[in-house]
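mind folding the following:
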Amino acid sequence: MLLTVLSLNLQLGGILPLDGEEPPRDRWPGLAALIRDSGAHIVLLQETAGWTDHNRSHAIRAIAELGLALPPDALSPTSSASLMYAPDALELTQWETRYTDPTSTHGFAGIGVFNVPGSPRPIAVSSAHLSPVSAPAAADRAAHLAWRVRRYGDVGIIGGDINHHPLPRPGQGPVVAPATLPAANVVGRWRGPAGDLRPDYTVAEVFDRGRFTDVAAHMAALRGDPALLGPTAPGGVRCDQIHVTEPLVPALAGYEVRPAKDSDHDALLLTLDTAAIDPALVHVEHV
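Numbers count the residues shown, from 1 in each chain. Below is the predicted model:
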């Protein structure tokens, strides 16, 4: 099976008014078209603001218009990340929420465990929206994610608005100058005193220590396409990222960055050939 996974920050749910926008426009139809056109079997959503308002009316609308399902309790008024999936193509067997933080907007939605045609093991997937203002807080959530997506057989995907610098890669171009950014964008993503600022790689190092592969970096090197390493949102950082465990690396069959005209983030589209998943690549099994 060619499994497709889309990650998309909706920017205020795609339904709430943007600052200074008069009159407010309905951005949801354009975002819904982007999701449908991707053909994604799993959709990792961030900034689902407003989806639980008015008796979850927009969530119900999204389910009907996209033909996708939501795991139980996958939407919360206090969390901005969620996940949808195609129930006719995948079997959701578990939805783990025990390590999510219900008191924080930022974090991750839960861990969806799927039986996927062609995969020798279940695939665990999570949508992340990590804190942009605190690298330590984001690293804590990243560490929990790196732990939990391995819990169900070490075949795992973490995707979303990671909100922090990825590790530097050959060909990625210069890092944006922090002096050109609003101070609020600098506080959480750089370290050092004001006169000696440098990118904070704390979160990226969590994924690296966890033996995850940054899909954009891997595919950029494989294709010789440094454009995949460019910023995905305002602020000059490739904050939208997908990371996979070792068995999924040989299964990487496609990766695209798709502009989303109705959001301030680009969408990411990952394609996996499940017949190429290789659990033997796990160095030491999770126990």
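
next, work out how far apart the residue located most distally from the centre of the chain and Ala179 are.
What lies farthest from the middle of the chain is Gly195; by Cα atoms, centre = their mean that is 32.3 Å. Using Cβ to Cβ, to the nearest Å, we find Gly195 at a distance of 10 Å from Ala179. C-beta here means a position set from N, CA and C on the backbone, and glycine is covered the same way.

same deal with Val133?
19 Å.

between those two, which one's more packed in?
Val133 (13 against 8; other Cβ atoms under 10 Å).

I'd say that one and Ala184 touch.
Yes: between Val133 and Ala184 there is a contact at 7.5 Å, judged by Cβ atoms under 8 Å.

where does the residue farthest from the centre of the chain land in three-state SS?
Following DSSP: H, G, I helix; E, B strand; the rest coil, we place Gly195 in the helix state.

tell me the pLDDT at it?
At Gly195, the predicted lDDT confidence score is 88.

in the stretch 101-250 of the chain, which spans are strands?
Per DSSP state E, counting those that start in this stretch, the stretch 101-250 of the chain carries strands over the ranges 107-108, 111-115, 123-129, 156-161, 190-191, 198-199, 213-214, 240-244.

among these, which comes closest to Ala62?
strand 123-129 (14.3 Å; Cβ to Cβ).

quickly run through the sheet partners of that closest one, with directions.
strand 107-108 (antiparallel), strand 111-115 (antiparallel), strand 156-161 (parallel) (DSSP bridges).

and Pro170, what pLDDT?
Looking at Pro170, the pLDDT reads 88.

residue contacts, it?
221, 226 (Cβ atoms under 8 Å, 6 or more residues apart in numbering).

switch the cut-off to 10 Å
Going by Cβ atoms under 10 Å, 6 or more residues apart in numbering, Pro170 touches 217, 220-221, 226, 229.

with Ala253 instead?
Contacts of Ala253 (Cβ under 10 Å, 6+ apart): 2-4, 219, 270-276.

of these, which is the nearest to Ser80?
Distances from Ser80 to these, taken by Cβ to Cβ, are shortest for Leu270, at 20.8 Å.

which residues does the closest one bridge with?
Beta-bridge partners, per DSSP bridges, of Leu270: Val5, Tyr255.

do you know the pLDDT at it?
On the pLDDT scale, Leu270 gets 98.

what's around Asp225, how many residues?
13.

correct me, but it touches Met219?
Yes: assessed by Cβ atoms under 10 Å, Asp225 is found in contact with Met219 at 7.2 Å.

what do these two both touch?
Tyr255.

in the stretch 1-150 of the chain, which spans are helices?
Taking DSSP state H, counting those that start in this stretch, the helices of the stretch 1-150 of the chain run over residues 28-38, 53-66, 135-148.

among those, show the one with the smallest mean pLDDT.
Among the helices of the stretch 1-150 of the chain, helix 53-66 scores lowest, at a mean of 92.

helices or strands up against it?
With contacts defined as 3 or more Cβ pairs under 10 Å, 6 or more residues apart in numbering; DSSP states H and E, the packing partners of helix 53-66 are helix 28-38, strand 42-46, strand 81-85.

and with 6 Å instead?
If you count contacts as 3 or more Cβ pairs under 6 Å, 6 or more residues apart in numbering; DSSP states H and E, helix 53-66 packs onto no helix or strand.

pull the residues that contact it.
Outside helix 53-66, the residues within contact range by Cβ atoms under 6 Å, 6 or more residues apart in numbering are 15, 32, 35, 51, 75.

next: stretch 193-209.
135, 138-139, 142-143, 164-167, 175, 178, 189-192, 243.

likewise stretch 94-102?
With Cβ under 6 Å, 6+ apart, stretch 94-102 has contacts from 71-72, 78, 107, 110-113, 144, 148.

and the furthest pair within those residues?
Greatest spatial distance among the contacts of stretch 94-102 (Cβ to Cβ): Thr78 and Val113, at 23.4 Å.

who has more neighbours out of those two?
Val113 (22 against 11).

picking that back up, buried subset of the contacts of stretch 193-209?
Neighbour counting by 16 or more other Cβ atoms under 10 Å classes 135, 138-139, 142, 164-166, 178, 189-190, 243 among the contacts of stretch 193-209 as buried.

which ones are touching the closest residue to Ser263 other than its chain neighbours?
Nearest non-adjacent residue to Ser263, counting by Cβ to Cβ, 6 or more residues apart in numbering: Gln11, 4.2 Å away. Neighbour list for Gln11: 47, 263-264 [criterion: Cβ under 6 Å, 6+ apart].
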